[in-house]
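A.B. asks: quick check, what structure comes out for this input:
(chains A and B)
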Amino acid sequence: MQFLKKSNFNILGHAKIAITISLAIIAVTLVSFFYPGFNLSIDFAGGTLVQMKFEEPVQQDIATIRELVNDLGFGQAEIRTIGFEQDNEIQITVKAQMEGSGISDEIRNTLTENYSQNPFEVRREESVGMRIGGEFRRNTIIAVLVALLAILIYVGFRFSLPFGVASVVPLFHDVLITLGIFTIFGMELSLSFFAALLTVVGYSLNDTIVILDRVRENIKKSGRGKDFKELINSSINQTLSRTIITSITTLFVVTSLYILGSEIIRDFALVLLIGVIVGTYSTLFVASPVLVWWNKKWPILKK
Amino acid sequence: MKKNKLLRIGILVAVVVSSIVFLIPTFQYYSKTPEMQQAFRQENPQLFQRILNLGLDLQGGMRLVLEVEKQGDEDRDVLDRAYAIIENRVNELGLAEPTIQKQGSDRIIVELPGLTDVDAAKAIIGTTAQLEFKMLRDAAQLQRAIGVIDNAVAGIEESEAAEAEEDTSAEQRQQQELADELFGTAEDSDEEAEEPRESFRDLLVAMGEQVAVRLDHVGRVNEILSRPEVRNALDRAGLSDNSFLWGHSVINDGNREFRNLYYVRSYPEMRGDVIRDARASLNHQGMRAGAAIVNLEMNAQGARTFSSVTEKNTNKIMAIVLDNTVYSAPRINERISGGRAQITGNFTLEEANQLAIILRAGALPSPVEFIEERVVGPSLGQDSIEKGVMAGVVGAALVVLFILGYYKLSGVIAIIALAINMLIVLAVMAGFGATLTLPGIAGLILLIGMAVDANVIIFERIREEIALGKTVRSAIDSGYSSAFVTVMDANLTTLITALILFWQGSGPIRGFAITLIFGIIASLFTALFVSRVMMDLFFQKKSKISI
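C.D. replies: Have a look, this model is predicted:
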């Protein structure tokens, strides 16, 4: 079986449209960073999370539970159901208003009192202080920036500066857009979100490197005198079936993680799902135009 | 050429076989019941180091991060003191594999697998330290207590016990027998301990002037001491103001491990708040020059109390007790006035330092704050594993079907390489005693999708070479050699992000980074070596290739 026999798509021909679309999405993303703004999980904002499984259905009681927790005076509670309806499982989150713990104890106590006829089991409990949340925030930003810088250095060293830039620009693109999709839809940014995001960075980079590697090889083989744009276009086409096959196998596993995995894994898988799609797109439509643009300003190939 | 080929097949087989061997203890361990797992841990501590551990988020448990409040610059060892206290308390919880780590200059991370009652754990860990000085009871009193306990355990009726107590001569005779048993023939008490009908004294072993208990009998001793009938019997015998306390350190006699069991007066002679300072040093003069000692300095009130206590109890033993654990039991050689005391003993400088820290810890209890808590109930962990395995099986099945359909016979090679890849990752993780977390499982599943990439790069290249009209053999050769750089570069860059995740990540995220790192390295090996060996084996002499 073979998907693409001697493919010859004019990928670079569509670069203008692609870049316009990307820039538009990034613009919306940047706006979303301020409005509605990031929805930081308790990992970063500080706060308390209690996940509990009741014996009887609680679907109808969510408003009551919210009121009970709000009445404790720790701030607005966020309540959502977990898994299927018949699981009777809910997750209560209260973002930190103050330093110190004990919020989870009070939540448990008040629900034990008010739901004596419907006992629950605590499945998960997390409490993060505001100060340590701030530290996680700082460390995460450092981690993402250091990762991008390390990649720029490595690729710049193994290839050359223009290749380094061409491989890092799509990564910024992927990070921004994945963040944007989460922010626009009000989904939470947690520590595992950023772990998944860095994985996406690794994946997207892997994709880009394979193409850049072929570009480099083709330059060596027949570079001089050939049209640079054409050379890149044929490099993309030569590696296109590999790009697609790897995306398919990765999407297979990520999708099954998203559908079948447990709650925490699903959040994780969603980032990967979005990220792999955005990453594959950026490999094809962002990395190469950057290289072409660079070549126009500072020719990589001497004619 | 042929020899070379045999060698490579040999290496391949060796890697697979040793991976399986590495995973055997892990399989053995997880196929046991929880009780048997505990026994296995105690019997094979070395082997247990080579098992793939489950993270707190999978087996259930608690992770606490504490911050110690620092009061000024002179508080430099505040973290050491808090650490010593917390370590002691966590060990008293009697959990399977607790870990306690210092982080930075003011944080302690406590991980308690299997424990999910946050309130209880915080109450135990977070309370102010209690340092006390208690007098040890002498051997006769200890033996009397043992006799009373044994009667209670044997279920001798209350009236009979009372009679026995009245009949002092009988009691004395019994005590003599006890003493013989305890101090004379302690050797064979081990065998008796295995009998179903247990007796308290059989669990004890004489050790110098003290008694000790085999580490695996500590739980049984605790259980006996907490029985209501035992407590009642001790009360009736007028022994209610004494108590049994465990020693902190584990004693190893070469064969077995023991803990000391001290019998002390419950009421403390002094409390830790009178200690002004405690420092370890090496003795410079006298007979014991070169031995480690601890110099103790007390405030005025402490000096007065200490002077009268030491006068009354010269030649007796005083236990230094932190949170109900005895850290040291020095003998009082003479009356000590002036508030300066010296503790000598057979300890190393390190042990002396530890004791000084304990003494200072009692002197200045440092408040701790819980800044991060994460608790996962055991049922959620079990669910996570089951759902993760399901997602992995379905994901892997899709990948296998797709790759087989797309690459046919070569696909079989890619799938075998993938399976070996997974095997190596798990074996290496087990070999390092690494921890598998929930994100780690996600990482492994993700790896199934990503690890075929290296083979895809190679296979696509071979297809290109074939399309150019090359022979099978040269297509394979040039396919691998030209894909080599690509596969290396692509994987090394991914490795960079994984390493940064490991560096910055915390807890479960680190588990993810670890699977990713080992996975990338293993997939380099399987794609560039394992699949190559198989390709040669399958196709080298063929004129057509199934790809």
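A.B. asks: could you identify the helix or strand that succeeds whichever strand or helix holds B:I496?
C.D. replies: Taking DSSP states H and E as the criterion, B:I496 maps to helix B:472-504. As assigned by DSSP H and E, the chain's next helix or strand after helix B:472-504 is helix B:508-525.
A.B. asks: chain B contacts on the stretch 51-200 of chain A?
C.D. replies: Contact residues, the stretch 51-200 of chain A versus chain B (Cβ under 8 Å from any Cβ of the partner chain): A:51, A:53, A:99-101, A:104-105, A:121-129, A:131-132, A:136, A:139-140, A:142-143, A:146-147, A:150-151, A:154-155, A:158, A:167, A:191-192, A:195, A:198-199. Glycine gets a C-beta too; all of them are placed from N, C-alpha and C.
A.B. asks: and the buried ones among these, selectable in PyMOL?
C.D. replies: Selection of the buried residues among these in PyMOL, burial being defined by 16 or more other Cβ atoms under 10 Å in any protein chain shown:
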select buried, chain A and resi 51+53+101+104+105+122+123+124+125+126+127+128+129+132+136+139+140+143+147+151+154+155+158+167+191+192+195+198+199
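A.B. asks: quick check: pLDDT value at residue 66.
C.D. replies: Assuming you mean chain A. Note for A:R66: predicted pLDDT of 90.
A.B. asks: that's the wrong chain, I meant chain B
C.D. replies: Listed pLDDT for B:L66 reads 88.
A.B. asks: could you give the average pLDDT over stretch B:10-29?
C.D. replies: The pLDDT scores in stretch B:10-29 average 92.
A.B. asks: on that earlier part again, which of the residues of the stretch 51-200 of chain A next to chain B fall within helices?
C.D. replies: Under the assignment DSSP state H, these contribute A:104-105, A:131-132, A:136, A:139-140, A:142-143, A:146-147, A:150-151, A:154-155, A:158, A:167, A:191-192, A:195, A:198-199 to helices.
A.B. asks: now the longest helix seen in chain B: mean pLDDT?
C.D. replies: For chain B, the helix that runs over the most residues, judged by DSSP H, is helix B:378-431. Averaged across helix B:378-431, the pLDDT comes to 93.
A.B. asks: tilt between it and helix B:508-525?
C.D. replies: Here the directions of helix B:378-431 and helix B:508-525 differ by 40 degrees (axes from the mean of the first three to the mean of the last three Cα atoms, to 10 degrees).
A.B. asks: is helix B:378-431 in proximity to chain A?
C.D. replies: Yes: Helix B:378-431 comes into contact with chain A (Cβ under 8 Å from any Cβ), by way of B:379-380, B:383-384, B:387-388, B:390-392, B:394-396, B:398-399, B:402-403, B:405-406, B:408.
A.B. asks: just checking, what packs against that helix?
C.D. replies: The contact analysis (3 or more Cβ pairs under 8 Å, 6 or more residues apart in numbering or on different chains; DSSP states H and E) places helix B:378-431 against strand A:120-128, helix A:228-260, helix A:263-282, helix B:2-30, helix B:56-59, helix B:438-467, helix B:508-525, helix B:531-539.
A.B. asks: give me the helices and strands touching the helix or strand following that helix, please.
C.D. replies: Downstream of helix B:378-431, the next assigned helix or strand under DSSP H and E is strand B:435-436. When contacts are defined as 3+ Cβ pairs under 8 Å, 6+ apart, strand B:435-436 packs onto strand B:53-54, helix B:508-525.
A.B. asks: now do 7 Å
C.D. replies: Packed against strand B:435-436 by the contact rule (3 or more Cβ pairs under 7 Å, 6 or more residues apart in numbering or on different chains; DSSP states H and E) you find strand B:53-54.
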